[in-house]
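Novice: One predicted model, sequence on top.
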Amino acid sequence: MKQFGGTVLFLNRSDINTDEIIPAKYLTEIAKEALKPYLLEDLRLEGFVSSRDIPGKGAIVTRSNFGCGSSREHAPWALEANGIHVVVAESFARIFRQNMFNCGMLAIELPPALIEELFQTFANTETVLKVNFGRDTLQFSNSTCTKSYPYQLNSFDKALVEAGGWIEYADAKY
Amino acid sequence: MGKTLAEKIFETHEIDRPSKDVWVLRLDRVFCHEITTPTAIDDLVQRGKDRVFDPARIKAVIDHVSPAKDGKTALQGKILRDWARRQGIQDFFDIGSNGVCHALFPEKGFVRPGFTVIMGDSHTCTHGAFGAFAAGVGTTDLEVGILKGVCAFRYPRTLKINVEGSLPSGVYGKDIILGIIGKIGVNGATDAVIEFHGPVIEKLSMESRMTLCNMAVEAGATSGICQPDLTTVEYLWPFIKEEYASKQEALKDFSRWKSDPDAGYDTVLNFDVSSLEPLVTFGYKPDQVKPVREMEGTPVDQVYIGSCTNGRYEDLEIAASILKGKKIDSKVRGILAPATPAVYQRALETGILRIFLDAGFCVTNPTCGACLGMSNGVLAPGEVCASTTNRNFNGRMGKGGMVHLMSPATAAATAVAGYITNSSLYKNR
């Protein structure tokens, strides 16, 4: 199973699509690691500079419908290549969400009010997320406070993460 | 309570229910292209599992960048080509016979009512026009589909959209779907199937139904679905005439794959098209939609007619009816990419390609190319493209470029004017 958590990258926008996460011109790469420098290259978000804001991050917190658009699994792969194995959002596009769990990664949904609280409390600070996968809790902390939030996962999604992904799960079962 | 079409397809394809809401389904079709499949093939080889569940149910095409533009795209094509040969996949389409997957595969009669279809491409929802459950998936789902012939889905809720009224002249399927996405938003149908119903849909051709279902994913839907009817039978007849004694018999058989009148819907939406105007997108999301008249006069650098949304014969015919006898504006680069060789050939034979060429369009071979900024018409920073494609995302057709989505009719009129304009001003003039 992958390790989940790390310093949080806050992306304060809804509907961030997979073309923004990894532009199509890089889909000619077959090795996943080759995607690393191009993550969020075309993100439309004021003040965001990918080369400055991504290094050292291990988690993303964002708004609704993250990962909409193309089915490209290059989007989770580009996150994985940068050491980001967990995204916390109000909601996800279906294919992106499935792709995350299929890769053994976490796409966790929290209610809009809690996401708003995370932005209010932690955005623009050095914030670390710890995921307690066994207890289904997220712990966010910065220099001034620590807060824990429970989350819910479908038992199938959980099994995919535990198996290391859908190929491992399906190959053992079907 | 009755069942929706998607529910009927789930119940007849169930393999497993690994959790309360998740169903693993048996797949009737696994479609493959050269962008998302090679990584799956490489992984299967590395795992020592280089095999396929059924070569007859797998169809493959090189379509996104064809002909190859560089060494990397040539390698992607080669990996798919070598694999198709190695695995005995008969229905593999390469240079000369290849076209945009979601236009080519329906043309070949590969999709039937009641089928389950996956592909590593989000616009796989197009095939729901035939009464199938067709969903775009990522490479891992595709890999498991290739190896095991199964895929996991959440049990779908269904959004029923009754498209009512009468379609005004100059308003087409593209305007209907842009209007619907504008109304429900880019996540208005996430984790849902959109069923298109109503008198307007019943009168639409299969081509226009595919345009509607194609963009269901732009509202977040898992699949678009139309109810199979006589139009479906007529389209598929060349492929099914050996199986049925008559079209009426085929229709009767297909009617198994209709939603029951008392099916339970999550939401029912009525969409009246009687006062619908030609529409165009204005921002970086497909739900940012305005009437063309509000965008009238917006200058464009390029007009692109093609793609799995609007690159079929009907689309070319509509655009040609506006372009006939005219020249496109001297500052506009016009690009036509017929979606398949059959579309290309028919347009050649009927003189439609001549109309485009005389108007000053460049006619490319069938490929996805410029739609996703990969080849054959990529924009420079600051350039604007009027496009019949499906996504206006930031950078979609080239970094720093702006895309306005519209119907082929609006695109053709825009090419002539040099700025976004209503096709009714140009028709029969």
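Specialist: That came through fine.
Novice: ok, is the longest strand seen in chain B in contact with chain A or not?
Specialist: The single longest strand within chain B, with elements called by DSSP state E, is strand B:157-164. No. No part of strand B:157-164 sits close enough to chain A to count as contact by C-beta under 8 Å from any C-beta of the partner chain; the gap is at least 11.8 Å. Every C-beta, even on glycine, is put in place using the N, C-alpha and C of the backbone.
Novice: Listing partners with orientation, what would you give for that strand?
Specialist: Looking at strand B:157-164 with DSSP bridges, its partner strands are strand B:192-197 (parallel), strand B:267-272 (parallel).
Novice: Okay, buried residues for it please.
Specialist: Residues of strand B:157-164 classed as buried: B:157-163 (neighbour count, 16 or more other C-beta atoms under 10 Å in any protein chain shown).
Novice: of all the residues you listed, which two lie farthest apart?
Specialist: Using C-beta to C-beta, the pair of those lying farthest apart is B:R157 and B:V163, separated by 19.6 Å.
Novice: residue ranges for the helices of chain A, please.
Specialist: Taking DSSP state H as the criterion, chain A carries its helices at A:18-21, A:50-53, A:74-81, A:94-102, A:112-122, A:155-163, A:166-173.
Novice: Ok, which of these comes nearest B:V416?
Specialist: For these, proximity to B:V416 was assessed by C-beta to C-beta; helix A:18-21 is nearest, at 29.8 Å.
Novice: Give me the residues contacting that closest one.
Specialist: The list of residues contacting helix A:18-21 from outside it, by C-beta atoms under 8 Å, 6 or more residues apart in numbering or on different chains, reads A:39-44, A:67-72, A:74-75, A:78-79, A:93, A:96, B:372, B:391, B:393-396.
Novice: Distance from it to the middle of the chain?
Specialist: For helix A:18-21, the separation from the chain centroid amounts to 13 Å (computed by C-alpha atoms, centre = their mean, to the nearest Å).
Novice: Next: stretch B:357-365.
Specialist: Centroid separation for stretch B:357-365 versus its chain: 23 Å, with C-alpha atoms, centre = their mean.
Novice: Repeat that for stretch B:122-139.
Specialist: Using C-alpha atoms, centre = their mean, the mean C-alpha position of stretch B:122-139 is found 9 Å from that of the whole chain.
Novice: same deal with stretch B:341-356?
Specialist: On C-alpha atoms, centre = their mean, the centre of stretch B:341-356 falls 20 Å from that of its chain.
Novice: Span of it from start to end?
Specialist: End-to-end span of stretch B:341-356 (C-alpha to C-alpha, to the nearest Å): 16 Å.
Novice: most tightly surrounded among the strands paired with strand B:157-164?
Specialist: For the strands paired with strand B:157-164, average neighbour numbers computed from mean count of other C-beta atoms under 10 Å in any protein chain shown are highest in strand B:192-197, which has a mean of 26.
Novice: how big is the angle separating that one from helix A:94-102?
Specialist: With axes from the mean of the first three to the mean of the last three C-alpha atoms, to 10 degrees as the basis, strand B:192-197 and helix A:94-102 are set at 150 degrees to each other.
Novice: can I have strand B:192-197 written out in CSV, keeping just the CAs?
Specialist: Below are the C-alpha coordinates for strand B:192-197, written out as CSV (Å, rounded to 0.1, in the frame of the first residue of the first chain):
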residue,chain,number,x,y,z
ALA,B,192,-25.2,9.5,-13.7
VAL,B,193,-26.4,8.3,-17.1
ILE,B,194,-28.2,10.9,-19.3
GLU,B,195,-31.2,9.4,-21.2
PHE,B,196,-32.2,11.5,-24.1
HIS,B,197,-36.0,11.3,-24.8
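Novice: hmm, who's touching that strand?
Specialist: Contacts to strand B:192-197, defined as C-beta under 8 Å, 6+ apart, come from residues B:4-6, B:128, B:133, B:156-163, B:209, B:212-213, B:216, B:219-227, B:259, B:265-266.
Novice: Give me the buried entries from these.
Specialist: For the contacts of strand B:192-197, a neighbour count by 16+ other C-beta under 10 Å gives the buried set as B:4-6, B:128, B:133, B:156-163, B:209, B:212-213, B:216, B:219-227, B:259, B:265.
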